[in-house]
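**Student:** everything below, folded, please.
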Amino acid sequence: MFDLVTKHKRTAQFILFLLMVPFAFFGVDFYFGGRSLEGVVATVAGDKITDNEFNDAIREQTEALRRQMGANFDSRMFDNPDVRFALLDNLINQRLVSNKAREEKFRVSDAQLQQYIASIPTFQVDGHFNNDRYRMFLAAQNMPAPYFEQRVREDLVTGAVQDAITQATIVAHSSAERFVGLLEQQREVALATIPIDPFLKDVKVDDAQVREFYDKNPAAFQVPEQAKIEYLLLTPDALSAQVTVTPEEVRKQYDASTAQYSAPEERSAAHILIPVAADAKDDANAAAKKLADEVYAKAKADPTKFAELAKQYSKDPGSAAQGGDLGSFGRGSMVKPFEDAVFAAKTGDLLPPVRTEFGWHVIKVTGERAGHTRPFEEVRAQIEGELKKDKAAQKFAAAADQFQNLVYEQADSLAGAAKALDLKVQTTPGFVTRAQAQAIGLGSAKFVEALFSPESVQGKRNTEAIEVGTNALISARVLEYKPAAPRPFDEVKNEIHQQLVHRAASELAQKAGQAKLAELVAGKADKDLGLVFGKPITVGRGQFQPGLPPPVLNRVFMVDPQKLPAYTGATNEQGGFSIVRVLKVETPAVADKSRVDAASSRLASEVGREVFNAYLASLRAKTEVKINQAQLEKR
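**Tutor:** Predicted coordinates for the structure are as follows:
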């Protein structure tokens, strides 16, 4: 019944995130005002992808990766030509699919759009769509509802094109079984190792070699640059202590948004769908009605078998497997004839077949809940917190410009900005490295670059106000600085000596191991080679253990199972060499249908992705695509 919503649930949060980020700092004018088409990065059949669109995509990806990677995020990755080209390539693909959707007249009806938006958890209260929350969310982002709804509509349309291709892939049951069998295959092996210890005595490393290594690798023996800093961080949380909310404001908000704190009347029901098209001919409709009547009679004769009948007869893919259970829902969630019938009934009622645009429904009402409004005292703290958060966000918006101006105009100190905004200047207790400074800057690599730039280090002036996250600005000043310096030779010479000895012994062990492996493969007995294999063990893919790190285990599963026993080997985690005798291959029979079905779905998804990529390539081959290389490389 509700395929559109079911297929695209994942898209919701992604769309919301992409929309939220740009509006947080730039407002609606960023999208609708002053967007010059002068800079064009690419054209797709004459349709322009502007420099502004490309920069928007970079900004959105920057925020997504910053949240995902945290302190490991480095915004400089978007200066990489390959990364920028990949991002543009994605925009081009989106435009190709969007154009094709329009050409093929893919459409999303207003009803489908409304149903989809209503399914987004962000807009729900107690599991049901709440219009007040929807409007509040859009208002908080300075986002017109028509803009949001149009962007969602376009995404659903292009998603429908992709689904039509990717979901048509079928993987044979036998192929899925073989795939699962290979994944779960186990091999019995015996292990012999050539450690590096016996070779240590043969290694000679003199002082000259140690000194030469030190001189050739100065960066490996440096103490990194460090700085003692003071910094000022502006966020809504930092301003929240300055915000007050009066009891009158809380009460006013509650009275104005009673619907937000109200739970509407609900019903829970199960149904059996006998599908027939809304415009079906009389004989088709009569046949479906006859079957629905028969199912209704069976359910009425024994209501305890309703779930069993639903699994047998219902053609609703979303509920049949659950015995027809639709869960709880309020008014406006179902098509009107269905909804009217359910809300006119009581718990336990079994309803005669009801006709909707989807077909005939045999319905069992399984529960009901009266509507109610949460009392003021119950939600007062919640409302107060929300109002305080909103006021802090508004205060941040007003304070951001002042913060930027003050740290620039009073560049020799952060005290002025701190006093004006009632913030606290924080000072690191000691010297910090670049990595530690990045953690202070909420993972921002741009902040670190500004802090350790020559201008900042030498002039000891405030950095510019740097955006280090959504609604987060920081400025810092170097108080003391220690440049990177090499560790003295005498301090590290023993470390270098041990490293060189270990490396040379490892090379000898690997050379000896390769030689013994070659002789084993040629047919020489392991006893004649002085090898001692351990007790056979059974291993599976990914079951790493001492002596069997990934490189070794991967080779074990590359051995031809038709030629056993067989030998393979590779360098192990200790720097020595592991030789493995593969004795037996065990491929279990796949009895668990759920694992085969999951594998089939996974393979179909992978194949579908490849087919869709091929489809994109064919679209691109038939479409004139021009890339403005100079504009693409602009910073």
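
**Student:** which of the helices and strands in this structure ranks last by mean pLDDT?
**Tutor:** Here the helix or strand of the chain ranked lowest by mean pLDDT, DSSP states H and E is helix 29-32, holding a mean of 32.

**Student:** for Pro488, phi and psi?
**Tutor:** phi -60, psi 150 (degrees, to the nearest 10).

**Student:** mind giving me the packing neighbours of the host helix or strand of Glu449?
**Tutor:** Using DSSP states H and E, Glu449 sits within helix 445-451. If you count contacts as 3 or more CB pairs under 8 Å, 6 or more residues apart in numbering; DSSP states H and E, helix 445-451 packs onto helix 434-440, strand 466-469, strand 472-482. All C-beta atoms are positioned from the backbone trio N, CA, C, and that covers glycine.

**Student:** of those, give the one that comes closest to Gln562.
**Tutor:** helix 434-440 (51.7 Å; CB to CB).

**Student:** and that closest one, what other elements does it pack with?
**Tutor:** Counting by 3+ CB pairs under 8 Å, 6+ apart, helix 434-440 packs on strand 226-234, helix 445-451, strand 472-482.

**Student:** go with 7 Å
**Tutor:** Counting contacts by 3 or more CB pairs under 7 Å, 6 or more residues apart in numbering; DSSP states H and E, helix 434-440 packs against helix 445-451.

**Student:** pull out the buried residues from the strand or helix carrying Ile117.
**Tutor:** Assigned by DSSP H and E, Ile117 belongs to helix 110-118. For helix 110-118, the neighbour count (16 or more other CB atoms under 10 Å) marks 112-113, 115-118 as buried.

**Student:** alpha carbons of that helix, in PDB - could you do that?
**Tutor:** Presented in PDB, the C-alpha positions along helix 110-118 are these (Å, rounded to 0.1, in the frame of the first residue of the first chain):
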ATOM      1  CA  ASP A 110       0.700  15.700  -4.000                       C
ATOM      2  CA  ALA A 111      -0.800  12.900  -2.000                       C
ATOM      3  CA  GLN A 112       2.400  10.800  -2.300                       C
ATOM      4  CA  LEU A 113       4.500  13.800  -1.300                       C
ATOM      5  CA  GLN A 114       2.400  14.500   1.700                       C
ATOM      6  CA  GLN A 115       2.400  10.900   2.800                       C
ATOM      7  CA  TYR A 116       6.200  10.800   2.500                       C
ATOM      8  CA  ILE A 117       6.800  14.000   4.500                       C
ATOM      9  CA  ALA A 118       4.400  12.800   7.100                       C
END
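
**Student:** show me what secondary structure element comes after it.
**Tutor:** Downstream of helix 110-118 (by DSSP H and E), the next one is strand 124-125.

**Student:** give me the next element, helix or strand, following that next one.
**Tutor:** Next along from strand 124-125, by DSSP H and E: strand 128-129.

**Student:** what about that next one, average pLDDT?
**Tutor:** The average pLDDT within strand 128-129 is 82.

**Student:** ok, and what's touching it?
**Tutor:** The contact list for strand 128-129 (CB atoms under 7 Å, 6 or more residues apart in numbering) reads 118, 123, 264, 330.

**Student:** one more: stretch 451-467?
**Tutor:** Residues contacting stretch 451-467 (CB under 7 Å, 6+ apart): 225, 227, 229, 403-404, 407-408, 411-412, 414, 434, 437, 444, 446-447, 450, 473-478, 481.

**Student:** now the helices for the stretch 501-635 of the chain?
**Tutor:** Applying DSSP state H, counting those that start in this stretch to the stretch 501-635 of the chain gives helices spanning 550-556, 593-621, 629-632.

**Student:** just these: most buried one?
**Tutor:** Neighbour counts (mean count of other CB atoms under 10 Å) averaged over each of the helices of the stretch 501-635 of the chain peak at helix 550-556, with a mean of 17.

**Student:** how far away from the center of its chain is that one?
**Tutor:** Helix 550-556 sits 30 Å away from the centroid of its parent chain (CA atoms, centre = their mean, to the nearest Å).

**Student:** give me the helices and strands touching that helix, please.
**Tutor:** For helix 550-556, the elements it packs on are strand 566-571, strand 577-586, judged by 3+ CB pairs under 7 Å, 6+ apart.

**Student:** minimum distance to Asp340: which of the ones you listed has it?
**Tutor:** Across the helices and strands packed on helix 550-556, closest to Asp340 is strand 577-586 (CB to CB), at 60.5 Å.

**Student:** rounded mean pLDDT for stretch 586-595, please.
**Tutor:** Mean predicted lDDT for stretch 586-595 stands at 70.

**Student:** typo on my end, it should be stretch 438-450
**Tutor:** Here the average pLDDT along stretch 438-450 is 88.

**Student:** ok, stretch 310-328 next?
**Tutor:** 89.

**Student:** show me what that stretch is in contact with.
**Tutor:** In contact with stretch 310-328 (CB under 7 Å, 6+ apart) are residues 1-2, 6, 266, 268-275, 295, 306-307.

**Student:** okay, now Lys511: neighbour count?
**Tutor:** Neighbour count for Lys511, taken as other CB atoms under 10 Å: 13.

**Student:** nearest to Val342, of the helices and strands packed on helix 445-451?
**Tutor:** Judging the helices and strands packed on helix 445-451 by CB to CB, what sits closest to Val342 is strand 466-469, at 46.3 Å.
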